[in-house]
Every structure is written in structure tokens, then in C-alpha cells.
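Novice: quick one: sequence and predicted model below, then my questions.
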Amino acid sequence: MVRRIIQITESQAEMLRERAREQGVSVSELVRRGIDMVLRSGMSNTEIRRRAKKAVGYVYSGDTDVSVRHDDYLAEAYCQ
């Protein structure tokens, strides 16, 4: 193992401790898993943005006011 010093916010530290406790692992193990996830994804920011843009408009609802009433539609979907 290689030691590294990183700086994180207090809230990140608390959330890491809590998640590590929930999963029964050390904070270091949780950070290693997070690093592995980032490295395995292999996608650059450019690729992530490209995929997001490709998904825009993928579903056509027929509603013409979604950009204005998106919160209303979301609330309706969750309440059904």
C-alpha cells in the first residue's frame, strides 16, 4: 500500500465515517473502492457530457410545457 494525504471537507469526512460504519469497513477501504470506481469508469468528462447530450430528447411526452412545469410533472409521477 502507498500512503497519500488528501484533504476533504468536514461533511465529507463525516459521511465517509458513517458509510464505512454502515458497510462494516474502514474509511480507507471505502476511499479505495471509490478510487477504483472512478478508475474503472474510464470515461472522460467529454464522454460523460456527450452521453448526457445524446440522452436529451430521447423520450417524447407530447407535453409542450415540461421546461416550465417539470417540478409539477415530477410530483405527479411520485404521487401516483
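Specialist: Ah, there it is.
Novice: low pLDDT regions in this structure?
Specialist: Applying pLDDT under 70 to the chain picks out no residues at all.
Novice: helices along that one, start to end?
Specialist: 10-23, 27-41, 45-55, 66-79 (DSSP state H).
Novice: count the neighbours of residue 71 for me.
Specialist: Counted with other Cβ atoms under 10 Å, the neighbours of residue 71 add up to 8. Where you see a C-beta, it was placed from the backbone N, CA and C, and this is true even at glycine.
Novice: go on, residue 20?
Specialist: 16.
Novice: for it, list the residues it contacts.
Specialist: Residue 20 makes contact with 26, 27, 29, 30, according to Cβ atoms under 8 Å, 6 or more residues apart in numbering.
Novice: from residue 67, how far off is it?
Specialist: 40 Å (Cβ to Cβ, to the nearest Å).
Novice: returning to what we had before: out of the helices of the chain, which comes closest to residue 3?
Specialist: helix 27-41 (9.8 Å; Cβ to Cβ).
Novice: that closest one vs helix 10-23, what angle?
Specialist: 100 degrees (axes from the mean of the first three to the mean of the last three Cα atoms, to 10 degrees).
Novice: begin at 15, not 1, for the rest of this chat.
Specialist: Let's use 15 as the start, then, which means that last one is helix 41-55.
Novice: give me the contact list for helix 41-55.
Specialist: Taking Cβ under 8 Å, 6+ apart as the rule, helix 41-55 contacts 20, 30, 31, 33, 34, 37.
Novice: again, only this time at 10 Å
Specialist: 15, 17-18, 20, 22, 27, 29-37, 39-40, 61-62 (Cβ atoms under 10 Å, 6 or more residues apart in numbering).
Novice: cool, and stretch 82-94?
Specialist: 75, 77, 79, 80.
Novice: list buried residues within those residues.
Specialist: Taking 16 or more other Cβ atoms under 10 Å as the criterion, nothing in these is buried.
Novice: mind putting those residues in CSV, distance to residue 68 included?
Specialist: Formatted as CSV, these follow (distance: Cβ to Cβ, whole Å):
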residue, distance to residue 68
75, 18
77, 21
79, 24
80, 18
